[in-house]
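> return a 3D structure for these sequence lines:
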Amino acid sequence: MALEHDYFGLIEEQPGGGLYWSESVEVGDQYVDLSMSVPRGEGVSDEDLDIAAALLQALEGLDLRAREDMLSAVDDRESDVSVFVVQAVEEYGDGIEDLFVDHSGDLDVDLIRSLVLTRVAVHPSASSDTEAFVDLEFALDPDSSDLALLVSLSRSVTPVSITIVE
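All right, here's what the predicted structure looks like:
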């Protein structure tokens, strides 16, 4: 069963079931891969798709929100954000500052500001504030490293989790 939506257009059912849509868009001076998926057997309403579309159309604000959540997690030295910073410093050594877009003198802040948003995945069938409605993947240098952070936000754009992706 295919669905039609103003933003997503025709959303086709996948061979194994479920719905999937993807596109690459330019945000600022970079391309970001967008996707939307609904697993087989899970329903999705027009309202769910409208919320997903609104989030994708407001990517810059969503990006800013995710970075604020990462900065909030830096104070917890056990958090995945802190572990990510340590791993990035180990991987790039003294050359890490060459990747920074801003040099405030605060390593954590400069690193988070310099992360590149590479992928955004929306899950419109997620209905509670404990489920990831949108995942944003960030990398410091996506062309040379697989190290990334995944920020998951709920339908109401509250943090669900921040995890390292390797």
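
> any idea what sits nearest Ala66, other than its immediate chain neighbours?
Val151 (4.1 Å; Cβ to Cβ, 6 or more residues apart in numbering). Placement of C-beta: from N, CA and C, glycine included.

> helix, strand, or coil at the one you found?
strand (DSSP: H, G, I helix; E, B strand; the rest coil).

> from the contact counts, what lies against the helix or strand hosting Phe138?
Per DSSP states H and E, Phe138 falls inside strand 134-139. Counting by 3 or more Cβ pairs under 8 Å, 6 or more residues apart in numbering; DSSP states H and E, the packing neighbours recorded for strand 134-139 are helix 59-73, strand 116-122, strand 148-153.

> look up how far His123 lies from the residue nearest to Ala66.
Distance, Val151 to His123, using Cβ to Cβ, to the nearest Å: 14 Å.

> nearest residue to the middle of the chain?
For the chain, the residue whose C-alpha lies nearest the mean C-alpha position (Cα atoms, centre = their mean) is Leu136; its distance is 0.3 Å.

> for it, name its beta-bridge partners.
Val120, Val151 (DSSP bridges).

> is it true that it touches Glu60?
No - under the criterion of Cβ atoms under 8 Å, Leu136 makes no contact with Glu60, lying 11.8 Å away.

> anything in contact with each of those two?
Shared contacts of Leu136 and Glu60, defined by Cβ atoms under 8 Å, 6 or more residues apart in numbering, are absent.

> could the helices and strands packed on strand 134-139 go into JSON lines alongside mean pLDDT, mean neighbour count and distance to Val81?
Formatted as JSON lines, the helices and strands packed on strand 134-139 follow (pLDDT from 0 to 100; neighbours: other Cβ atoms under 10 Å; distance: least, Cβ to Cβ, whole Å):
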{"stretch": "helix 59-73", "mean pLDDT": "94", "mean neighbour count": "17", "distance to Val81": "4"}
{"stretch": "strand 116-122", "mean pLDDT": "96", "mean neighbour count": "20", "distance to Val81": "15"}
{"stretch": "strand 148-153", "mean pLDDT": "97", "mean neighbour count": "22", "distance to Val81": "7"}
